[in-house]
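K.L.:
got a sequence here, can you model it:
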Amino acid sequence: MIDVKYRVDAGRSKQSVEQTNRLLQAVSEIQLKFIRESAAHSWFEETLRAFLDVTGSEYGFIGTVHHDDDELPWLQTRTISNIAWDQASREVYESSIPEGLQLRNLKTSLGQTLSTGELFVSNSPDEDAHSDGLPPGHPVLTAFMAIPLKIDDQLIGVVGIANRPNGYDSVLASWLEPLCTTCATLMIASKSQEARHFGILKAITEGTSELIFAKDLDSRPVFVNEAVAKMFGTTAEQMIGKPEDNFFSEQTLKQIIADDQRIIRTGQTETFEEELPTSSGARLFHTTKSPWRDSSGEIVGVIGVSRDVTEWKKTQNSLHQSRERLRAIIENTPGCVKLVAKDGTLLEINAAGVRMCEADSAESLLGGSVLDLIPDEHRPAFVRFHERVCDGISGSMQFELVGEQGTRRWLETHAVPLPLGPDGSIVHLAVTHDITAARVAEETIAAQQSQLIHVSRLSSMGQMVAVISHEITQPLAAIANYSSACELLATEPTTDLQKLREYLASITAQSARAGQILGRVRNFVKHSDEHRIESDIIQLTKDSLNLVKADLRSRHVSVETSFPDRTVFASVDPVQIQQVIVNLISNACDAIESQATGQRRISIGIQDSEGSVAVEIVDSGPGLPIDLRDQLFEPFYTSRTNGMGMGLSICSDIVNSHSGTITADNVPNSGARFRFTLPRSKEIINE
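P.N.:
Residues are numbered from 1 along each chain as shown. Prediction:
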């Protein structure tokens, strides 16, 4: 099992290592080809093939820079891809092979590099101002890069490559520097028509960090460049013709000679890594060796190029160790770590994710769609969330997942966009945790809270039963009296129908009144799940007053109200908010019970602001003890000897569940004030 980040980085790192190895291999082979063959077009062709191969470009050219009588630069191609598109262009191409094409138009993309001596990149040539100069019928040009070749800041040549699928940039140009440097150096060397054999070698190898050497059939050095001599802390003259046992241990020398003799015997070029002693200790080298042939083609020794890769190897090993540590951490992470493509395909998942999905292995999940594991009721929301992440927006969400064994789990996922690939495409990287137990606990707590609220309503109703029973006896007694009157009228010889209709209408009115009283009680005490609707807070307050009207009358409490002129709506559970108001009014009645009959007053006000609505209940009692205010809304706290201490706590829970606030303080020259706020609906309907 490979974690997301590991595999992505590992893939990139592996690709980078492979490409760099190809680049270094190409440099070595070009240098060896220059040494072995005198024809310049041969190594120019090899160099162009290398540029195209390591960059993935479609076609290109290499040319040397010259100047006309007016000192204007022009380019002579030394090698160019065959992109002929008709008979005329084929004839031009074939005729250019011996001497090369002369490109003098400075208004083209190539002309920009010739004029400025700077790198030129265009990934939209058809929109580029410098795209003039392509003849009719020329193959489509989708991307182009012109790389200047310089020696001591002097422009001596240009490499042009075109139609790389992912386009070009300066980073790629910098990475190509070893190949560009080799090409420029060989251009300078090829200008010396009198340079031969080791003179050429010396001209092109001095100053380079690569180790370049040639050995005879007995593995004795016949040429070494300055870098080789420096590695052993000596001079080239002191190494030429000397047995190599002066520089290597017996075991190392045995292996070196075996490699040399195998290459001489097979006539094949080989590339390998080898550890060699140097004046600063053992170093690791990337070495390419080829058979050295004379002008007749006979093998006369071995030539080679070595690059010190010790530090590079250490860096790669360090990166590998870091990746392994990261892989171990993620594989042992209890949460699911996954990588999802834009189309929903699962690209990577760790061991915890496999267990969460109830799968046998990661391989059975990879390549499938994560949407297959998400039930229908959660899929649309997950798709929208996934699309936002792939658009570059981080986020989190909760959803249900159905495992392959049918188990349903609640999950919470935190996702970030992860750019992958040279095209910058984004995938969905997420860490997901199983929150099923927490969801069950929340639902259990919610059910218990609902039951507790219902019990509180029943408790409040129990306290009002006596006064409500007294209130309902009035309409019942009236009904009985009017019924008796109807019976008397019915026994009279001549019935007064008008009076009979009045008595019957009164019976109907008193029955409706009794029904309203019982309906308010029934709605208040019924046990139902929270159901929020757009409710008129003013009407809820009035309905709450109607519920406790009989209790207020029996306690001789006067009530003053102050409501806005317009209707104020909020999205609430009307039964629960009514319970809060009834509890606060009941508490206010208890607080003023010790006051004289004429001093028992409660004022109820509603304030409507831009974003919320507030309900205030102020009594004329002694007020709240200052040292106990912070405890008022805690469960089981009460100032009454027979109180349970749950009323205000439940009020606080209800208001908080509605995203509101509840506070308590004292009003100067009055008593206690309880105030709760609720988020107001945006729609306000004027009465």
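K.L.:
what's the neighbour count on I617?
P.N.:
For I617, the neighbour count with other Cβ atoms under 10 Å is 23. (C-beta placed from N, C-alpha, C; glycine too.)
K.L.:
how about it, what does it touch?
P.N.:
Going by Cβ atoms under 8 Å, 6 or more residues apart in numbering, I617 touches I581, L584, I585, A588, I602, S603, I604, R673, F674, R675.
K.L.:
for it, which residues make a bridge with it?
P.N.:
I617 forms beta bridges with I604, F674, as assigned by DSSP bridges.
K.L.:
what's the spacing between it and T561?
P.N.:
Going from I617 to T561 by Cβ to Cβ, to the nearest Å gives 10 Å.
K.L.:
find residues that contact each of these two.
P.N.:
S603, I604.
K.L.:
out of the contacts of I617, who's nearest T288?
P.N.:
Nearest to T288, judged by Cβ to Cβ, of the contacts of I617 is R675 at 85.4 Å.
K.L.:
spatially central residue for this protein, please.
P.N.:
For the chain, the residue sitting closest to the mean C-alpha position, by Cα atoms, centre = their mean, is V416 at 1.6 Å.
K.L.:
that one pairs with what?
P.N.:
L429.
K.L.:
and if you look at the one 4 residues further on?
P.N.:
The residues listed as beta-bridge partners of L420 by DSSP bridges are S425.
K.L.:
what is the neighbour count of it?
P.N.:
For L420, the count of nearby residues is 17 (other Cβ under 10 Å).
K.L.:
my guess is it meets V427, correct?
P.N.:
Yes: using Cβ atoms under 8 Å, L420 is in contact with V427, at 5.6 Å.
K.L.:
once you drop chain neighbours, what's closest to T287?
P.N.:
In space, and not counting its chain neighbours, T287 is closest to S306: 4.3 Å by Cβ to Cβ, 6 or more residues apart in numbering.
K.L.:
give me the number of residues near that neighbour?
P.N.:
Counted with other Cβ under 10 Å, S306 comes out at 22.
K.L.:
gap between it and I212?
P.N.:
8 Å.
K.L.:
D665 belongs to a helix?
P.N.:
No: applying DSSP: H, G, I helix; E, B strand; the rest coil, one finds D665 to be strand, outside a helix.
K.L.:
so who does the nearest residue to it once chain neighbours are set aside touch?
P.N.:
Closest residue to D665 apart from its sequence neighbours, by Cβ to Cβ, 6+ apart: R673 at 5.7 Å. By Cβ under 8 Å, 6+ apart, the residues touching R673 are E616, I617, V618, A664, D665, N666, V667.
K.L.:
and for V159?
P.N.:
L48, F51, G60, F61, I62, A146, I147, L149, C180, C183.
K.L.:
which SSE is A26 in?
P.N.:
helix 4-36 (DSSP states H and E).
K.L.:
buried stuff in the helix or strand following that helix?
P.N.:
Counting by DSSP H and E, the element after helix 4-36 in chain order, helix or strand, is helix 40-55. Within helix 40-55, the residues scored as buried using 16 or more other Cβ atoms under 10 Å are 40, 43-52, 54-55.
K.L.:
got the contact list for helix 40-55?
P.N.:
Applying Cβ under 8 Å, 6+ apart, the set of residues contacting helix 40-55 from outside is 19, 22-23, 26-27, 29-30, 33-34, 37, 57-62, 78-81, 97, 159, 161, 164, 168, 172, 176, 179, 182-183, 186, 190.
K.L.:
for the stretch 151-300 of the chain, which spans come out with low pLDDT?
P.N.:
Applying pLDDT under 70 to the stretch 151-300 of the chain flags the ranges 190-207, 294-297.
K.L.:
show me the strands in it, by range?
P.N.:
154-162, 211-216, 221-224, 270-278, 281-293, 299-308 (DSSP state E, counting those that start in this stretch).
K.L.:
what lines up beside the third one in the sheet?
P.N.:
Using DSSP bridges, the strands paired with strand 221-224 are strand 211-216 (antiparallel).
K.L.:
contact partners of the partner strand?
P.N.:
Taking Cβ under 8 Å, 6+ apart as the rule, strand 211-216 contacts 31, 35, 198, 201, 205, 221-225, 227-228, 231, 260, 285, 292, 300-308.
K.L.:
make a ChimeraX selection of the buried ones in the residues you listed.
P.N.:
Selection of buried members from these for ChimeraX, criterion 16+ other Cβ under 10 Å:
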select :31,35,201,205,221,222,223,224,225,227,228,231,260,285,292,300,301,302,303,304,305,306,307,308
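K.L.:
returning to what we had before: pLDDT of the helix holding A26, averaged?
P.N.:
Here helix 4-36 scores 66 as its mean pLDDT.
K.L.:
and of the contacts of I617, the nearest to G611?
P.N.:
Checking the contacts of I617 one by one against G611 (Cβ to Cβ), the nearest turns out to be R675, at 15.7 Å.
K.L.:
what sits against the closest one?
P.N.:
Residues in contact with R675, defined by Cβ under 8 Å, 6+ apart, are A614, V615, E616, I617, I662, T663, A664.
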